[in-house]
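# Let's see this in three dimensions:
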Amino acid sequence: MPKARAAARKKPRTGRLVAAAILLLIPFAIYFDVPFYNVVNPTAFGLPFFYWFQLIMLPISAILFYIVASLIDR
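Residues are numbered from 1 along each chain as shown. The predicted model follows:
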């Protein structure tokens, strides 16, 4: 019986893996849709939208990757 419990703990749940996959796809889908953010206006602090959008997406992607890592690691 203890072996069955250990195996059940190691097996990742499908729901968590699906959620992790969706969270990983969000940044990739946004980054690969270059025409969406390949514009100059609006500007922020003198930077065109193309640059400051990518600067904002970096920490957002890092947070999403951290969430995915914690979902998979459980």
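# any idea which helix is longest in this structure?
Secondary structure of the chain per DSSP state H: the longest helix is helix 49-73.
# Quote the end-to-end distance of stretch 29-38.
Stretch 29-38 has an end-to-end distance of 14 Å (criterion: CA to CA, to the nearest Å).
# The helix or strand encompassing Ala21 vs helix 49-73, what angle?
Following DSSP states H and E, one finds Ala21 within helix 14-32. For helix 14-32 against helix 49-73, the angle by axes from the mean of the first three to the mean of the last three CA atoms, to 10 degrees is 160 degrees.
# so for the helix or strand that helix 14-32 is followed by, what's the average pLDDT?
Next in sequence after helix 14-32, counting helices and strands by DSSP H and E, comes helix 34-37. Averaged over helix 34-37, pLDDT sits at 85.
# Give me the buried positions along helix 34-37.
Tyr37 (16 or more other CB atoms under 10 Å). (Each C-beta comes from the backbone N, C-alpha and C, glycine too.)
# Just list what that helix packs against, helices and strands only.
helix 49-73 (3 or more CB pairs under 8 Å, 6 or more residues apart in numbering; DSSP states H and E).
# what helices or strands is the helix it packs on leaning on?
For helix 49-73, the packing partners by 3+ CB pairs under 8 Å, 6+ apart are helix 14-32, helix 34-37.
# one more time with 6 Å
Identification of packing neighbours for helix 49-73 by 3 or more CB pairs under 6 Å, 6 or more residues apart in numbering; DSSP states H and E yields helix 14-32.
# For the helix it packs on, which outside residues touch it?
Outside of helix 14-32, the residues within contact range by CB atoms under 6 Å, 6 or more residues apart in numbering are 61, 64, 67-68, 71-72.
# so where's the chain shaky on pLDDT?
1-12 (pLDDT under 70).
# Tell me the spacing between Val39 and Asp33.
12 Å (CB to CB, to the nearest Å).
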